[in-house]
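Enquirer: Following is a predicted model, sequence given first.
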Amino acid sequence: LHFSCRELQSSPFSPPSPLPIVLSNTAHESKTHLEDFWRSPSNPMPATDKESADTLLDALLKQLVGPTEGEGMVAKMYGIYGTDNWRELWNLLTSDMRFTCPLNDVGELMSAAENRVVYRIYFEDSPYHDYFHHSDDILAVFGYSYSENSEKVNDFRENLAKMIRNVAHKRDAVDGLGAFPDESLIFKEQNSVWFDIINESPQSEVCQELATLDLIKYGSQNK
């Protein structure tokens with residue numbers, strides 16, 4: 001089942017005044033359920049090493065883009081992401097295919113609609129683990145986390161909660177942040193500062209590569 005966010009149609013409803021909207025996702029959305037992506041109908045056991053993972057990825061990519069177009073695509077993916085770690089590749093690739101890139105598309109469409117101001121956030125570094133997986137962001141908004149409290153965790157939660165309050169009450173996310181798609185906010189740990197503003201969409205170059213390969217029409221859908 002595939003569905004491109006580019007197929008979305010405009011709603012007849014238009015807010016009477018500018019409505020701020022926050023669209024966010026994490027760099028490792030699929031980490032929590034990554035084993036689901038390591039399986040296939042013909043191979044129900046998850047991949048356990050690079051050889052078996054690459055074989056499975058080769059089969060899945062050829063299924064998505066065709067056997068001829070998919071030839072050599074596994075190596076191409078390792079090159080796009082600049083890694084030789086198969087777990088990292090699966091994690092980032094599935095997160096970008098199913099979350100990051102489709103959400104960028106949604107954000108661009110929504111930002112073009114009347115009286116909608118979109119703020120795009122991408123969570124790259126996590127104060128909890130060595131990856132930032134699905135729901136880490138929303139839990140922090142409500143003061144929860146998967147790990148014990150620490151100065152780093154508390155600092156992150158306070159920064160994120162403050163940003164959401166600003167959107168709700170001041171119609172602004174972070175001082176100096178412009179609306180999407182001109183700018184995005186990247187949450188990462190950098191010299192004790194938890195965010196960085198960039199003048200493009202998250203994973204922009206990767207998403208362009210995946211779009212060229214027609215691989216961003218598999219956005220995750222809640223059912």
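Expert: Thanks, I have the structure now.
Enquirer: and the residue nearest to residue 214 when sequence neighbours are not counted, how many residues sit next to it?
Expert: Residue nearest to residue 214 in three dimensions, not counting chain neighbours: residue 65, with 6.4 Å by Cβ to Cβ, 6 or more residues apart in numbering. Quick note: C-beta positions are derived from backbone N, CA and C, even for glycine. Counted by other Cβ atoms under 10 Å, the residues lying close to residue 65 total 15.
Enquirer: for residue 169, same thing?
Expert: Count around residue 169 with other Cβ under 10 Å applied: 8.
Enquirer: List of residues touching the helix or strand bottoming out on mean pLDDT in the chain?
Expert: When the helices and strands of the chain are scored by mean pLDDT, DSSP states H and E, helix 136-141 comes last with a mean of 72. By Cβ atoms under 8 Å, 6 or more residues apart in numbering, the list of residues contacting helix 136-141 from outside reads 24-26, 121, 123, 126, 128, 145-146, 156-157, 160-161, 164, 187.
Enquirer: What residues of that helix count as buried?
Expert: 136, 137, 140 (16 or more other Cβ atoms under 10 Å).
Enquirer: Check stretch 72-80 too.
Expert: 73, 74, 77, 78, 80.
Enquirer: Stretch 195-213 now?
Expert: Neighbour count says stretch 195-213 has 195, 201, 202, 203, 204, 206, 207, 209, 210, 211, 213 buried, by 16+ other Cβ under 10 Å.
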